[in-house]
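Enquirer: Provided below are the primary sequence and the corresponding predicted coordinates.
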Amino acid sequence: MTTTAASGVRSHGRGDVAPKGFSARLLAWGTLSALPAPAAVAVIAALTALSWAVAIPLGGAGLVAPHWFYIPIFMSGLRFGPFGALVAGSTSMLAAGPLLPLSFNPTTAQATSDWVSRGIFFIVIGIFVTMLFGAVRSLSAHEANRNGERAVREVEADTLRQSEQRFRSLVQRASDMILVVDPGGTYASESPAVERLLGWEHGHRLGMPTIGFVHPDDRGRASTALEDILSDPGKSCTVELRLHDSSGRWHWVESTITNMVDEPTVRGIVFNDRLVDERKALQEELTHRALHDPLTGLANRSLLRQRLEAALVRPDVADRPPALLFIDLDDFKLVNDSHGHDAGDLLLIEIANRLRSCARPEDLVARFGGDEFAVLTKEDADNRSTATDIAECILHALLQPFSVAGCPTEVAASIGIASYRDGESDADQMLRHADIAMYRAKDCGKSRSVVFTDGLGEYFRGRARTQPEVAGLRAD
């Protein structure tokens with residue numbers, strides 16, 4: 001049983017029993033339908049006997065027509081149907097026939113033809129009235145059912161209208177964009193939030209392909225998600241992509257996509273889009289901080305390792321082999337001791353800028369830690385001296401005086417270079433090679449670069465066995 005609060009109308013399901021009014025209760029008692037069958041038979045029998053008893057003092061069948069017998073006949077028909085009218089009519093025919101004299105002074109019996117014809121009339125009239133009343137009652141019940149169904153439909157329609165109105169109001173005032181895209185991929189409807197969030201006039205994009213508003217780098221992901229959703233009715237997924245606004249700027253949105261093609265009131269793919277520019281900016285900022293040095297803005301050790309590992313497994317690694325420059329500033333501790341750590345930090349920032357100027361746009365410049373830096377580059381296919389050229393540029397750039405606390409200061413550096421070897425895929429090994437070459441540059445007088453060779457590995461292993469100060473150096 002459901003109740004509609006808005007209209008105050010209560011509807012009943014098939015299994016519910018509607019409360020009866022006074023007229024319905026009166027009709028039930030008048031037709032004996034409120035009584036169980038045995039009780040109804042007893043009442044009908046009593047009424048038949050009463051009709052016979054009333055006819056006697058009134059003078060018999062000749063003086064008083066036995067109309068009283070119609071009452072039990074009709075009530076039996078109404079309670080038990082035509083068969084009940086037949087039984088009650090037959091009983092009344094005997095009670096008002098042989099058992100009821102024509103007169104009592106003198107006592108005269110009725111003619112057989114009279115009471116038989118009267119009895120047949122009892123039966124015919126009883127069955128006719130019963131069937132007529134049944135037809136009227138059936139029509140009344142049918143009309144009542146129709147009225148009830150009509151009232152229920154009106155209530156349901158009113159409820160649906162109110163529901164649709166509430167939904168429409170929610171969509172109109174929703175902070176997110178709610179879009180419906182037809183199976184062909186064009187906009188079918190959109191909420192007014194599109195104008196507030198992306199600047200598009202409400203309804204302007206209807207009929208246009210959705211993919212045209214997606215960033216080129218995100219279209220593949222968007223198409224895959226849409227195809228996946230279309231393959232499974234009722235399925236939902238969430239994807240992040242960029243949409244451009246009316247001025248051409250790109251915005252990140254988190255789009256929840258739901259397949260409602262089979263829903264008659266929708267017949268499309270529903271997109272619930274939420275702008276997440278601030279969240280994406282925060283994520284990018286956190287990612288940048290995790291992979292970059294906070295002082296110089298250069299890549300940190302983690303990002304350097306990631307890029308080196310990726311470079312070693314690239315399909316074109318043999319054509320454009322990676323090379324790693326490991327840079328250690330010579331005697332940088334003297335700057336901190338003489339001018340303080342703040343001045344040393346400013347000098348590191350300036351050194352980072354000069355390293356960037358020597359590297360190519362596709363190269364990665366990193367601060368490895370303290371006064372150690374690194375550059376990851378790729379040798380050109382027709383020029384395998386890219387790494388040494390960058391090293392020479394760095395050495396020359398660092399020799400130009402820096403201004404530290406108003407005093408000109410020169411900085412020198414030792415650079416170790418490790419180049420890719422066929423089949424090499426160990427980033428740690430390449431880092432060790434560059435480290436060894438850098439220490440060899442320091443041994444040779446600093447302010448220079450050295451390229452790692454197998455001989456250097458043997459040289460430092462020998463030194464590690466005889467000189468404790470280099471025993472901790474990582475060598476392969």
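Expert: Sure, I can see it. If you're wondering where the values come from, they're calculated on a predicted model, not measured in any experiment. Residues are numbered from 1 along each chain as shown.
Enquirer: Flag the shaky bits of the stretch 351-476 of the chain, pLDDT-wise.
Expert: For the stretch 351-476 of the chain, the stretches with pLDDT under 70 are 381, 462-476.
Enquirer: Check the burial of residue 214 by counting its neighbours.
Expert: 21 (other C-beta atoms under 10 Å). Any C-beta I mention is one placed from the backbone N, CA and C, and that applies to glycine too.
Enquirer: what does the one 4 residues further on give?
Expert: Residue 218 has 18 neighbouring residues, counting by other C-beta under 10 Å.
Enquirer: One more: residue 416?
Expert: Neighbours around residue 416, by other C-beta under 10 Å: 28.
Enquirer: and it, bridged to which residues?
Expert: Beta-bridge partners of residue 416, counted by DSSP bridges, are residue 326, residue 450.
Enquirer: Relative to residue 455, how far out is it?
Expert: Distance, residue 416 to residue 455, using C-beta to C-beta, to the nearest Å: 14 Å.
Enquirer: And residue 340, by the same measure?
Expert: Per C-beta to C-beta, residue 340 is found 42 Å from residue 455.
Enquirer: higher neighbour count, these two?
Expert: Neighbour totals were compared for residue 340 and residue 455, and residue 340 leads with 13 against 9 (other C-beta under 10 Å).
Enquirer: who's in contact with that one?
Expert: Applying C-beta atoms under 8 Å, 6 or more residues apart in numbering, we find residue 340 in contact with residue 405.
Enquirer: Just the pLDDT for it.
Expert: Model confidence at residue 340, given as pLDDT, is 83.
Enquirer: Tell me where the model's unsure across the stretch 151-300 of the chain.
Expert: For the stretch 151-300 of the chain, applying pLDDT under 70 flags the ranges 159-175.
Enquirer: at 80 instead, please
Expert: 156-175, 234, 264-265 (pLDDT under 80).
Enquirer: tell me the helices in it, going along the chain?
Expert: 193-198, 219-230, 277-291 (DSSP state H, counting those that start in this stretch).
Enquirer: if you compare these, which one is most tucked away?
Expert: Ranked by mean neighbour count under mean count of other C-beta atoms under 10 Å, the helices of the stretch 151-300 of the chain are led by helix 193-198, which reaches a mean of 19.
Enquirer: Contacts for that one, please.
Expert: With contacts defined as C-beta under 8 Å, 6+ apart, helix 193-198 is touched by 174-179, 200-202, 205, 243-246, 251, 275.
Enquirer: which among these end up buried?
Expert: Among the contacts of helix 193-198, those classed as buried by 16 or more other C-beta atoms under 10 Å are 176-179, 200, 205, 243-244, 251, 275.
Enquirer: Between the two ends of stretch 332-343, how far is it?
Expert: 11 Å (C-alpha to C-alpha, to the nearest Å).
Enquirer: hang on, residue 182 packs against residue 207?
Expert: No - using C-beta atoms under 8 Å, residue 182 makes no contact with residue 207, being 9.4 Å away.
Enquirer: Out of the two, name the residue with the larger neighbour count.
Expert: Higher neighbour count among residue 182 and residue 207: residue 182, with 15 against 10, using other C-beta under 10 Å.
Enquirer: Which residues are in contact with the more buried one?
Expert: By C-beta under 8 Å, 6+ apart, the residues touching residue 182 are 188, 267-269.
Enquirer: quick one: which of those residues sit in strands?
Expert: With strands taken from DSSP state E, the overlap with the contacts of residue 182 comprises 188, 268-269.
Enquirer: Among these, which one sits closest to residue 36?
Expert: For these, the minimum distance to residue 36 (C-beta to C-beta) is 59.8 Å, reached by residue 268.
Enquirer: hmm, back to that, emit the ChimeraX select command for whichever of the contacts of residue 182 are buried.
Expert: Selecting only the buried members of the contacts of residue 182 in ChimeraX, with burial defined as 16+ other C-beta under 10 Å, works like this:
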select :188,268,269
